[in-house]
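Visitor: pasting the sequence and the predicted coordinates here, then a few questions.
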Amino acid sequence: MKRRNFIKNASLTGVGIAVGSTLTSCAENTSRDSKATAIVKASLPLVISTWDVKNATAKAWEVIQTGGNALDAVEQGCMIEEANEKGQSVGKGGLPDRDGNVTLDACIMNKHGDCGSVVYLQNITHAVSVARKVMEDTPHVMLAGKGAEQFAISKGFQPEELLTEASKEEWKKWKVKAKYKPIINIENHDTIGMLAIDKNGDISGACTTSGLAYKLAGRVGDSPIIGSGLFVDNEVGAAVATGLGEEVVKTVGSFLIVELMRQGKSPQEACEEAIGRIVSKPNSNYKNFQVGYIAVNKQGETGYYSIHKGFSMTKFQDAKNENIQSEHYI
Ligand code: SD4
């Protein structure tokens, strides 16, 4: 695998360096070493998100700062983007499938490894909250389509039109070209994936999207698939994906990253290896699509990596917030 220089990579992460070296000392000393433990604790809590989503990440940070848990933080953070009609790839205002239907995919995972997910959800803005209800109020993990919508309505969610005038206009323009090619947004804010560690050190994550613009009707991506779009293991860490979901699903990317961290890789190394699995496949068409990952380990060390330039991570940690351009393969 063609790899970027890892040292160069680390030097770009700023906070990551400090936390990374803290981790080294923590690993060398045992967790009973009070000095190392104190330093590691200083890097928590934190919230990270895919793309430049300051408002959403700030909301999650606020939840945590006011004593809320990581699960509430990621749900409420993602809800900000779902309600933002200007973001045309999440929730209300999301670009539709080729037939003009806005269909949402979302999932959420808590510190116990419980998860809930909705796929092909229509007419409900807050897909992430429906996913949470699936996790908490049903014996299931995943609900799809009409059943998911009916379940949401039974839980008090109000149905509404998700196709805004702006998104409808864009869809009409796309239709004129009449050639099926789903659009993957390489440069700008897209699917939101969010990971948080709260003041108790517990991790949760969520992911919500309207999927690929102008996808085939019925298409579902990685974002609601536990292990692909998102995975949380409260003992190890968590990862979340954005980009062309088909490629993430084929490599079960988020689970892969968490398992690599379990085996001792840093979040950065694990994200790079997961991208490597995609680009090094025989006949990989990676020049023509984007995939990006963000990850965090239990100690608060973070990583991010994408195939193409343009992906970024928003991070709130240590009373500091920043949007960091990801290192990338190409
Ligand atoms: C999907 N992964 O449906 C989502 C789309 C996305 O950045 O993340 N776009 O495949």
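Guide: Good, I have the coordinates. Residues are numbered from 1 along each chain as shown.

Visitor: can you pull the contacts of the residue nearest the centre of the chain?
Guide: The centroid of the chain falls nearest to residue 193 when counting by CA atoms, centre = their mean (1.9 Å). Shown in contact with residue 193 (CB atoms under 8 Å, 6 or more residues apart in numbering): 49, 50, 205, 206, 207, 223, 229, 230, 240, 241, 242, 294. Where C-beta positions appear, they are placed from N, C-alpha and C, glycine not excepted.

Visitor: you'd agree the second one is up against residue 206?
Guide: It stands for residue 50. No: assessed by CB atoms under 8 Å, residue 50 is found out of contact with residue 206, at 11.0 Å.

Visitor: nearest residue to the residue nearest to the centre of the chain in space, ignoring adjacent ones along the chain?
Guide: residue 240 (3.1 Å; CB to CB, 6 or more residues apart in numbering).

Visitor: just the CA trace of the one helix or strand that neighbour maps to, in CSV.
Guide: If you go by DSSP states H and E, residue 240 is part of strand 237-243. Extracted in CSV, the C-alpha atoms of strand 237-243 (Å, rounded to 0.1, in the frame of the first residue of the first chain):
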residue,chain,number,x,y,z
GLY,A,237,-12.8,2.9,20.5
ALA,A,238,-15.1,3.8,17.6
ALA,A,239,-15.0,4.6,13.9
VAL,A,240,-17.4,6.1,11.4
ALA,A,241,-17.4,6.4,7.6
THR,A,242,-18.4,8.7,4.9
GLY,A,243,-18.2,8.4,1.1
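
Visitor: off-centre distance for that strand?
Guide: Taking the mean of its C-alpha atoms, strand 237-243 sits 5 Å from the chain's own mean (CA atoms, centre = their mean, to the nearest Å).

Visitor: likewise stretch 116-135?
Guide: That offset, for stretch 116-135, works out to 15 Å (CA atoms, centre = their mean).

Visitor: is that stretch anywhere near the ligand?
Guide: No: using CB under 6 Å from any ligand atom, stretch 116-135 stays clear of the ligand, coming no nearer than 10.1 Å.

Visitor: convert that stretch to PDB, retaining C-alpha atoms only.
Guide: Only the C-alpha atoms of stretch 116-135 are listed here, as PDB (Å, rounded to 0.1, in the frame of the first residue of the first chain):
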ATOM      1  CA  GLY A 116     -30.400   0.700  16.300                       C
ATOM      2  CA  SER A 117     -30.700   1.600  12.700                       C
ATOM      3  CA  VAL A 118     -33.200   2.700  10.100                       C
ATOM      4  CA  VAL A 119     -32.900   2.200   6.300                       C
ATOM      5  CA  TYR A 120     -34.900   3.800   3.500                       C
ATOM      6  CA  LEU A 121     -36.800   5.900   6.000                       C
ATOM      7  CA  GLN A 122     -39.100   8.500   4.300                       C
ATOM      8  CA  ASN A 123     -41.000  11.500   5.600                       C
ATOM      9  CA  ILE A 124     -39.300  11.700   9.000                       C
ATOM     10  CA  THR A 125     -36.500  14.300   9.500                       C
ATOM     11  CA  HIS A 126     -34.800  12.900  12.600                       C
ATOM     12  CA  ALA A 127     -33.700   9.500  11.400                       C
ATOM     13  CA  VAL A 128     -31.000   9.200  14.100                       C
ATOM     14  CA  SER A 129     -33.700   9.500  16.800                       C
ATOM     15  CA  VAL A 130     -35.800   6.900  15.200                       C
ATOM     16  CA  ALA A 131     -32.700   4.700  15.100                       C
ATOM     17  CA  ARG A 132     -32.300   5.300  18.800                       C
ATOM     18  CA  LYS A 133     -35.900   4.300  19.400                       C
ATOM     19  CA  VAL A 134     -35.300   1.100  17.500                       C
ATOM     20  CA  MET A 135     -32.400   0.400  19.800                       C
END
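
Visitor: what is the mean pLDDT for the helix or strand containing residue 153?
Guide: Using DSSP H and E, residue 153 sits in helix 145-154. Averaged across helix 145-154, pLDDT comes to 98.

Visitor: and stretch 67-76, which residues are buried?
Guide: Across stretch 67-76, burial judged by 16 or more other CB atoms under 10 Å covers 68, 69, 70, 71, 72, 73, 74, 75, 76.

Visitor: which residues does it contact?
Guide: So stretch 67-76 is contacted by 45, 47, 59-61, 63-64, 108, 110-111, 128-129, 132, 194-200, 202-206 (CB under 8 Å, 6+ apart).

Visitor: average pLDDT for that stretch?
Guide: The model assigns stretch 67-76 a mean pLDDT of 98.

Visitor: counting neighbours, which of the contacts of residue 193 comes out on top?
Guide: When neighbours are counted by other CB atoms under 10 Å, residue 206 leads the contacts of residue 193 with 37 neighbours.
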